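Build me a model from this:
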Amino acid sequence: MNPNKKTLKCEFETAFEYYKKTVWKHVRNLPLAGAQYAVALRAWERLDTACRAWLESLDWSQKAAVPEIRAFKPCRLERDDTVKPELLATVASARLGTPKPKSIRDAAEEAHRIIIASRDYLKSLPEPKEKSALMVEAYSSSVSFEDILDSSGKPDCVPLLPPVQAKRNDGNLKLRALEQALKRYAAGAPKKIQHGIRDALKNKVILCRLLEEIRWERFRQHFKG
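So this is what the prediction gives:
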C-alpha cells in the first residue's frame, strides 16, 4: 500500500477506535446535552475528517472497503414538540419508584408536581440548530472539573476524560489524575495552550475543545492498534 494511504488508513482506524471506545460504547444513540454533546461532536468531527482524508486517497474501486460511519454521529438532546409533559411525567413516575400515596389527594399532588417538572424540563431544552451553529457552540463551550469527574464511570454517560487504567479506582477518574493529565499535555504544548491550561487549573473549568484534544492524545498514546 502507498505509504501515504497507509498513514491515512491508520489515522482513520485510530480515530474510529477512539470514538467507539470513548463515546459510542457508553451512550450508543442516546441524545446528549451540554459538555457531553460538545466533546462527542468534536470526537465525531475528528473521525469524519480522518475518514474523508482516507477516502480522497483511494481509487473508486477501493472506497467500498471503507466502513460507513454516519450511523455513529452523536445526537443532540433538544426540544421536540411531539413529546408532551404528560407522557414524560408518566415515564418519570415509573422510574422514580415513589412509595404508594396514602390518599387520592396525595396522589394528585404528586402527579401534579411531576407534570409541572416535566413541562419545565421540556421548556428548558434547546431549540434545534443548524450544523454550523452547533459547531460554534461546541467550540466555545466549557465544562467544570466537577462535571468531568462526575461523568467518569457513570452509566449512559460519555466519560469526558476516560481514565487510562479502566480498572483502577473502579474506573473513576480522580481530581489528581485530571490535573496531572492537563499538566502533562501542557508540558509539550505551545504557549497559548499552556496559558489555557494554567487558567483551567486555577478556575477548575476547561474549554471542551481543549479537553477533547487532551483525551484524544491520551488515547493515541495508549492505543494498541
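
how close does the most far-flung residue of the chain relative to its centre sit to residue 94?
Distance from the C-alpha centroid of the chain, by CA atoms, centre = their mean, peaks at residue 103 (43.3 Å). For residue 103, the distance to residue 94 equals 21 Å [CB to CB, to the nearest Å]. C-beta: built from backbone N, CA, C; applies to glycine.

quick one on the thing from earlier: what separates the residue farthest from the centre of the chain from residue 111, distance-wise?
Relative to residue 111, residue 103 is positioned 13 Å away (CB to CB).

what about this structure, any weak spots by pLDDT?
The chain contains residues with pLDDT under 70 at 1-3, 98, 166-170, 224-225.

how about the strands in this structure?
Ranges of strands within the chain are 142-144, 205-207, based on DSSP state E.

Turn those strands into TSV, columns for distance to residue 54 and mean neighbour count.
Listed next are those as TSV, based on distance: least, CB to CB, whole Å; neighbours: other CB atoms under 10 Å:
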stretch	distance to residue 54	mean neighbour count
strand 142-144	31	17
strand 205-207	28	19
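
Pipe those into JSON lines and attach distance to residue 74 per row.
Converted to JSON lines, the strands of the chain look like this (distance: least, CB to CB, whole Å):
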{"stretch": "strand 142-144", "distance to residue 74": "16"}
{"stretch": "strand 205-207", "distance to residue 74": "18"}
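
show me the contacts for residue 12.
47, 50-51, 53-54, 66 (CB atoms under 8 Å, 6 or more residues apart in numbering).

filter those to the buried ones?
Among the contacts of residue 12, those classed as buried by 16 or more other CB atoms under 10 Å are 47, 50-51, 53-54.

Which member of those residues is positioned nearest residue 204?
residue 47 (29.3 Å; CB to CB).

That closest one contacts residue 13, correct?
No - using CB atoms under 8 Å, residue 47 makes no contact with residue 13, being 10.3 Å away.

Which strands or helices does the lengthiest helix in the chain pack on?
Ranked by residue count, the top helix of the chain under DSSP state H comes out as helix 34-57. The helices and strands touching helix 34-57, judged by 3 or more CB pairs under 8 Å, 6 or more residues apart in numbering; DSSP states H and E, are helix 3-19, helix 131-140, strand 142-144, helix 145-151, helix 208-222.

could you redo the last one with a cut-off of 7 Å?
helix 3-19, helix 131-140, helix 208-222 (3 or more CB pairs under 7 Å, 6 or more residues apart in numbering; DSSP states H and E).

Give me the contact list for that helix.
Helix 34-57 is contacted from outside by 4-5, 8-9, 11-12, 15-16, 18-19, 22-23, 32, 63, 66, 69, 73-74, 76, 134, 138, 141, 143, 147, 157-158, 160, 208-209, 211-212, 216, using CB atoms under 7 Å, 6 or more residues apart in numbering.

Kindly recompute the last result at 6 Å.
Applying CB atoms under 6 Å, 6 or more residues apart in numbering, the set of residues contacting helix 34-57 from outside is 5, 8-9, 11-12, 15-16, 19, 23, 32, 63, 66, 69, 73-74, 76, 138, 141, 143, 158, 160, 208-209, 212.

List the buried residues for that helix?
Within helix 34-57, the residues that qualify as buried are 35-48, 50-51, 53-54, counting by 16+ other CB under 10 Å.
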